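1. How does the following fold in three dimensions:
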Amino acid sequence: MVVPGSQHIEDKMYHPPEGLQKDAHVPDFNCYLELYKKSIEEPDVFWKEVASDFYWKKPPTGHILQYNFDVTKGNIYVKCMEGAKTNMCYNVLDRNVKDKNLGERVAFYWEGNSPDHHEAITYGQLLGQVCRCSNLLKQMGVRKGDRVAIYLPMIPELVYTMLACARIGAVHSIVFAGFSAESLCERIMDSQCSILVTADGVYRGEKLINLKQIADEALEKCREKASATVTKCLVVKHHALRTQNGDISNKLQVGPDFDQNTDIKLSLPSTPWDAACDVCWDEVMGQVSEQCEPEWLDAEDPLFILYTSGSTGKPKGVLHTVAGYLLYTSLTFKYVFDHQPDDVYWCTADIGWITGHSYITYGPLANGATSVLFEGIPVHPHVGRFWEVIEKYRVTKFYTAPTAIRLLMKYGLDPVQKYDLSSLRILGTVGEPINPEAWHWYHEVIGQKRCPVVDTFWQTETVRDTFPFFGVEPTILNEHGEELEGEAEGYLVFRRPWPGIMRTVYGNQERFENTYFKKFPGFYVTGDGCRRDKDGYYWIAGRIDDMINVSGHLLSTAEVESSLTDHGAVAEAAVVSRPHKVKGECLYCFVTLKDCREFNRTLVDELKRQVREKIGPIATPDFIQNAPGLPKTRSGKIMRRVLRQIARNEKDLGDLSTLADPKVVEVLFSQRCETAA
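-> Here you go, the predicted model:
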C-alpha cells in the first residue's frame, strides 16, 4: 500500500501482515506481476481459466475478447465469450445451492435502518424468493429483453428483483432511491421500462420518505411527456412501516387467482393507489411458485442499464452484458478483497450505484460469499452504528466511502473504542479520492494498523488506484494524444477492453463513441486525469471534464446548471466544485439574474429547492453566489478554472489575458458567499 499524497514513497510503504499474506490469492508482488503478464499476453488462456468455474449452457466459439477501439476503422464494439450461452442468476445462486451445496450458508445478513430490524437470508432462501419474483414478473407480462425500473431502498426485495430480472432475461435499471421524481421519470423514459418496482416508503435515519408518492409523480411526468411505458407498478410494503406507528402503507387485498389484470382494493386511504396499475408485492408473492427455469442468454445479451450523469446534462444509460460482467465482477471481488470461505463481508454502498451492483450483489454471490446488506446510515441511531454492526456479525472485510470515513472521524475515538473490531482483516474505500488524513485514520484507528486498505475503479466512481487489475492495460496521454512514459500526468486511457467494460450508452451508440473513443482513436478515454509516479503507481485525480464528486456521487455540472436556469429569475448559471471536509467536494453555484430580479435569501432557498426536486437531495448546492457577469473567453466559453479559484478564494489566478472582461473577476471576488470565506 502507498499512502495518498506521499512525498517520499519509500517512507510511506505499508506491507500486509504475514498471516494475511500467507494464505492470500495474490500473496506478493511477484505473484501479481506473473498473473498480470499472463492476462495481457495470453488473455484467452487467462479468462478461459476464470470462466471454467462457472456454468455455460454452450461454450464460446471464438476468442474470449474481440473488439475495435478505433473509430477511424469502423464501429466501436466489444464482445466477450461470443457464441456462449449462460445465465447470471443461475451462476450466482443455483450453482452455489445445487453444485456447491451452499444452500444453508447465509448469503445476506440484512440490517435495517433500525437495529431492531434484521434478517438472515440463506442461499437456498434467496434462490426461492428470486424464483418467486421471476414468476411474478413473467405473470405481469415481462419477457426477455424488457426493461424493468427498480426504485427501492436497501431491502432484500431489491436483490430479489434484480436477480429475478437476470434470471428471466429482463434488463434491470436500478434508480437510487434518493433521486427525485424528475430523475426517475427521465430514466424510465430513456430505457422505455414496462414495469416499475418500488416501495411504499422508507426511513433514512429519522426521516420518512414516501417512495410511492415520488414514484407516482414520476409516472405522471412520463404520461405528460409521452405515452406511458410503465403498465404495472409493483409495490413492496416496507417492514419498518408495517411495524411502527404512523404506518403509511395500506392493507391490500387481492383475489386468489392473481394475474396482471387483478383488481386491488384499499382498506386504508393513506397511500395513493391506482388499482389499474399498482400491484402489492406482499399479497401476490405467496401465490407464485418457488421453481423457475432460467432463460439461457447469449454472452453479449444485456444484463442491466445503470444511469450516470453525463457532461451534457442528460444522464447516460451505461449498458453491461451477461458473460463479461460475470467474469469480471467475480474475479475482482475474489482478488481485490482476497475473499476466503469464512469471511463476512460488508460493502456499505447503495445498490443503486455501480459499486453496489458489483460488490454487494453480483461479485460476492458469484463467490458464494456471506455479506451484510445494510439499509441504514452511519450515525443512526448513534454514531457507533458501523462499528456495532461489525462487532455483531464479526465482519472481516469492510468497504465504505471516504465521505463516511471523514464524517465518523469528527466523532473521535470514543464511539470506536466501545466496540470490538478485532475481526477485521481488510478495509476498502471507494467512490472518490481519499485524503491522507482520512486514510491514516481509517488504517490506524479502524484497521488498528494491521488491515490493508484496498479500492476499486469503475469509472463512474473514481478512486485512488495503484496498479492495474488483470486484463486492464492503462496508459497516459497528453492533450495531443502522445503517450507519456515514466513519471507523467495527463489523460487516463486504456489500450484494450476487459470483460466487464461498458458496451454502449443505451440507445445512443453515437454518444458512446463520441464520449469515450473520438478524442484519441484507438484508446478508451475515461475522462479522468491521472498521474503515474516514479514507481509506476497510478493516481487517479478525478474527472477532467466538468463533473463533481459529492459524497461519492458523480454529478454533472451541466445537469445542475440546467436545473438552475429553469428558474424564471435566472438568466445564466455556472457550477463548480469546492472542497468540503465531509463530502469531499460540494457544489458552488454562480447565477446571473435576469433584469430587475433581486438576489436574496428567498431566491437562494427557491433555487436549492428546485435543484433538489429536479435531481435529488445529493445535488443540493452548498453555496449560491450572485454573479452579475461570468468570466468568459472572447469566444464566449466560461472559464471554469477561474470560477473554481473564486469559490476557493484563491487569488493567484495566473494568465487572464484570454478573458473578454477581466474586471468581472474582481466583482465576483467581492461578492463571494460569506459562509464560504
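2. Domains in the protein, by residue range?
-> Annotated domains of the chain cover 87-367, 551-671 [the TED database].
3. Quick one: closest of those to F517.
-> When those are compared by Cβ to Cβ, domain 87-367 sits nearest F517, at 14.1 Å. All C-beta atoms are positioned from the backbone trio N, CA, C, and that covers glycine.
4. could you give me the average pLDDT of the closest one?
-> The average pLDDT for domain 87-367 rounds to 88.
5. Work out the gap between that domain and the centre of the chain.
-> A distance of 15 Å separates the centroid of the chain from that of domain 87-367, by Cα atoms, centre = their mean, to the nearest Å.
6. next one: stretch 401-419
-> With Cα atoms, centre = their mean, you get 23 Å for stretch 401-419.
7. what's the answer for stretch 70-89, then?
-> Using Cα atoms, centre = their mean, the offset of stretch 70-89 from its chain centre is 23 Å.
8. I'd like the numbering to begin with 30 instead of 1 from here.
-> Noted, 30 is the first residue going forward, which turns the last one into stretch 99-118.
9. Pull up the distance across it, start to finish.
-> End-to-end distance for stretch 99-118: 34 Å, by Cα to Cα, to the nearest Å.
10. check which helix or strand covers the residue nearest to A676 when sequence neighbours are not counted.
-> Computed as Cβ to Cβ, 6 or more residues apart in numbering, the closest residue to A676 that is not its neighbour in sequence is Y617, at 3.9 Å. Using DSSP states H and E, Y617 sits in strand 613-622.
11. Quick one: mean pLDDT for that strand?
-> Mean predicted lDDT for strand 613-622 stands at 93.
12. What is the next helix or strand after that strand packed up against?
-> Using DSSP H and E, the helix or strand that follows strand 613-622 in sequence is helix 630-643. Helices and strands touching helix 630-643, by 3 or more Cβ pairs under 8 Å, 6 or more residues apart in numbering; DSSP states H and E, are helix 210-220, helix 586-594, strand 613-622, strand 652-655.
13. counting contacts, what elements does the last one pack onto?
-> This means strand 652-655. Packed against strand 652-655, as judged by 3+ Cβ pairs under 8 Å, 6+ apart, are the following elements: strand 613-622, helix 630-643.
14. what lines up beside that strand in the sheet?
-> Within its sheet, strand 652-655 is paired with strand 613-622 (parallel), according to DSSP bridges.
15. Tell me what angle the partner strand forms with helix 630-643.
-> Using axes from the mean of the first three to the mean of the last three Cα atoms, to 10 degrees, the inter-axis angle of strand 613-622 relative to helix 630-643 is 120 degrees.
16. and the angle from strand 613-622 to helix 586-594?
-> 40 degrees.
17. about what we covered before: what about the strand holding Y617, distance to the chain center?
-> The answer for strand 613-622 is 23 Å, by Cα atoms, centre = their mean.
18. Using CSV, write down the CA coordinates of that strand.
-> Only the C-alpha atoms of strand 613-622 are listed here, as CSV (Å, rounded to 0.1, in the frame of the first residue of the first chain):
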residue,chain,number,x,y,z
GLY,A,613,-15.0,15.6,-0.4
GLU,A,614,-16.5,18.1,-2.9
CYS,A,615,-19.6,20.3,-2.8
LEU,A,616,-21.5,22.4,-5.3
TYR,A,617,-20.7,26.1,-5.6
CYS,A,618,-23.0,27.9,-8.0
PHE,A,619,-22.8,31.2,-9.7
VAL,A,620,-26.1,32.6,-11.0
THR,A,621,-26.6,35.6,-13.3
LEU,A,622,-30.1,37.0,-12.8
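19. Show me which residues of that strand are buried.
-> 613-622 (16 or more other Cβ atoms under 10 Å).
20. what does stretch 118-132 give?
-> 118-126, 131-132.
21. Need the residue closest to the centroid of the chain.
-> In the chain, the residue lying closest to the centroid (Cα atoms, centre = their mean) is W382, at 1.8 Å.
22. Surely it is in contact with V204?
-> No - counting by Cβ atoms under 8 Å, V204 is not a contact partner of W382; they are 10.8 Å apart.
23. Just list whatever residues bridge to L402.
-> W139.
24. So it sits against Y138, correct?
-> Yes - shown here, L402 and Y138 form a contact pair, counting by Cβ under 8 Å, at 6.9 Å.
25. More neighbours: those two, which one.
-> L402 (25 against 20; other Cβ atoms under 10 Å).
26. Tell me the secondary structure at G346.
-> strand (DSSP: H, G, I helix; E, B strand; the rest coil).
27. measure it to I383 for me?
-> G346 sits 13 Å away from I383, going by Cβ to Cβ, to the nearest Å.
28. shared neighbours, these two?
-> Common neighbours of G346 and I383, using Cβ atoms under 8 Å, 6 or more residues apart in numbering, are L335.
29. now the strands: where do they sit in the stretch 430-579 of the chain?
-> Per DSSP state E, counting those that start in this stretch, the stretch 430-579 of the chain carries strands over the ranges 455-458, 482-483, 503-506, 517-523, 533-534, 553-561, 567-572, 576-579.
30. Now distance to A395 and mean neighbour count too, for the ones you listed, in TSV please.
-> Listed next are these as TSV, based on distance: least, Cβ to Cβ, whole Å; neighbours: other Cβ atoms under 10 Å:
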stretch	distance to A395	mean neighbour count
strand 455-458	17	24
strand 482-483	18	19
strand 503-506	25	20
strand 517-523	23	20
strand 533-534	23	24
strand 553-561	25	20
strand 567-572	26	18
strand 576-579	28	22
